[in-house]
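In: any chance you could fold what I've pasted below:
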Amino acid sequence: MVVPARRSFLVGPVSFKGPCASARVTVQILGKIMAPPATASAWSGGRNRQQQWLMFYRPCVESAPTALKLVGCNNLELRGFSSKDSPQMHIAILESSGVNVWGLTITAPGNSPNTDGIHVGRSQNVRITSSRIGTGDDCISISSGSRFVTVDGVQCGPGHGVSIGSLGKNGAAAAVEYVDVKNVHFTNTMNGARIKTWEGGRGYARSISFTNMEFDNVDNPVLIDQFYTASASKLGVEISNATYTNLRGTSSRPTAVSFVCGGGGSCTDIHVNSMVITGSGGRRTVARCRNAKVATSGQVYPQIPCS
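Out: Predicted coordinates for the structure are as follows:
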């Protein structure tokens, strides 16, 4: 299917339903496809109402309103794609394997809520590379059931950074492992490298690495938060084998690093290897810890008080 160049098309909610007989399916968008306005009757009928704009799928999976939803897609390539001003999530990759995403441009106002750039859930062997993402929420979010995910060479900002989670909402079991985030440049974002879990959740987030991160005026450059929207100290999703290597840049706030974990050993085997994050103009920054077990090596600033 080809959308011709230098043409614009108005497209309502549509689902491309598998399984497909062809071994290779190609959708080539050379022109521009546009969604109907929010008041259009196209959004008001059937199961598609407010759920997704374009869906490629085998099963039907409910989620937040999404511009492009890819469900049950294996050996998928998405490249050179641009998305602007999605009502909520721009792209959701769900229950898929062998996904290669690169050369994307995703934009939305910095104050637009829940406009995640790329959301990955219940998927494995996913690569997201060489893309520019600026939204009002996570540039990239990786949720439960995901493993072997690589993010490499992404420009993020504005937005809420690259997030593992949130995990464990309403006591749910979570499982995320083997996530490699590297060569990401954050500019004027709320967060940078973030792992977020809900109080009282179960399961694990493990074998996660953040490497070669650059922060430019980021509110919370490095953040583990096991009290996402909560404040008590119940046990939560266990975070282990998280590694931060070669992190550089500036924080817009005095606290540049925050490892805030629940009790009972839910944050262990955390490593910080070579990190220098100052305030703008070289101002002093600090790190804070709660119930986290952290080992450091190389030059590390600010000093991690739970080392």
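In: bridge partners for residue 142, pull those for me.
Out: Residue 142 forms beta bridges with residue 120, residue 164, as assigned by DSSP bridges.
In: wait, what's in contact with it?
Out: Going by C-beta atoms under 8 Å, 6 or more residues apart in numbering, residue 142 touches 120, 121, 149, 162, 163, 164, 165, 176, 179. C-betas here are computed from N, CA, C, even on glycine.
In: and which of these is nearest residue 87?
Out: Distances from residue 87 to the contacts of residue 142, taken as C-beta to C-beta, are shortest for residue 121 (18.6 Å).
In: what about the closest one, how many residues nearby?
Out: 19 (other C-beta atoms under 10 Å).
In: cool, and residue 93?
Out: Using other C-beta under 10 Å: residue 93 sits among 25 other residues.
In: so which helix or strand takes in it?
Out: strand 89-94 (DSSP states H and E).
In: with adjacent residues omitted, what lies nearest to residue 85?
Out: Excluding the flanking residues, the one nearest residue 85 by C-beta to C-beta, 6 or more residues apart in numbering is residue 108, at 5.4 Å.
In: didn't the one you found look like it was pressed against residue 114?
Out: No. If you go by C-beta atoms under 8 Å, residue 108 and residue 114 don't touch, sitting 9.9 Å apart.
In: okay, the two: which has more neighbours?
Out: residue 108 (25 against 15).
In: report pLDDT for that one.
Out: On pLDDT, residue 108 comes in at 97.
In: pull the most distant pair out of the contacts of residue 142.
Out: 121 and 162 (14.9 Å).
In: where are the low-confidence patches of this protein?
Out: By pLDDT under 70, the weakly predicted segments of the chain are 44-50, 59-64, 229-234, 307.
In: in it, mark out all the helices, start to finish.
Out: With DSSP state H, there are no helices along the chain.
In: so where's the longest strand in it?
Out: Of all the segments of type strand in the chain, defined by DSSP state E, the longest one is strand 202-218.
In: for that strand, which positions count as buried?
Out: 202-211, 213-218 (16 or more other C-beta atoms under 10 Å).
In: which strands and helices sit next to it?
Out: strand 162-167, strand 173-187, strand 191-197, strand 220-225, strand 238-251 (3 or more C-beta pairs under 8 Å, 6 or more residues apart in numbering; DSSP states H and E).
In: export those strands to a markdown table and append columns for mean neighbour count and distance to residue 2.
Out: What follows is the helices and strands packed on strand 202-218, written out as a markdown table (neighbours: other C-beta atoms under 10 Å; distance: least, C-beta to C-beta, whole Å):
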| stretch | mean neighbour count | distance to residue 2 |
| --- | --- | --- |
| strand 162-167 | 26 | 33 |
| strand 173-187 | 20 | 33 |
| strand 191-197 | 27 | 39 |
| strand 220-225 | 25 | 43 |
| strand 238-251 | 20 | 42 |
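In: which of those strands sits closest to residue 54?
Out: strand 162-167 (24.0 Å).
In: so what's the gap between the strand holding residue 93 and the chain middle?
Out: Offset of strand 89-94 from its chain centre (C-alpha atoms, centre = their mean, to the nearest Å): 10 Å.
In: same thing with stretch 93-107?
Out: Worked out by C-alpha atoms, centre = their mean, stretch 93-107 lies 11 Å from the chain centre.
In: how about residue 144, nearest residue that isn't a chain neighbour?
Out: Nearest one to residue 144, counting by C-beta to C-beta, 6+ apart, is residue 174 at 4.2 Å.
In: I figured residue 84 hits residue 109, correct?
Out: No. Applying C-beta under 8 Å as the test, residue 84 and residue 109 come out as separate, 10.3 Å apart.
In: hang on, the earlier thing: what's the overlap in contacts for residue 108 and residue 114?
Out: With C-beta under 8 Å, 6+ apart as the test, residue 108 and residue 114 both reach residue 136.
In: picking up where we left off before, tilt between the longest strand of the chain and strand 162-167?
Out: 150 degrees (axes from the mean of the first three to the mean of the last three C-alpha atoms, to 10 degrees).
In: strand 202-218 versus strand 220-225: what angle between them?
Out: Going by the same axes, to 10 degrees, strand 202-218 makes 160 degrees with strand 220-225.
In: which residues does the nearest residue to residue 253 once chain neighbours are set aside contact?
Out: Leaving aside its chain neighbours, residue 253 sits nearest to residue 219 (5.5 Å; criterion: C-beta to C-beta, 6+ apart). By C-beta under 8 Å, 6+ apart, the contact set of residue 219 is 189, 190, 191, 251, 252, 253.
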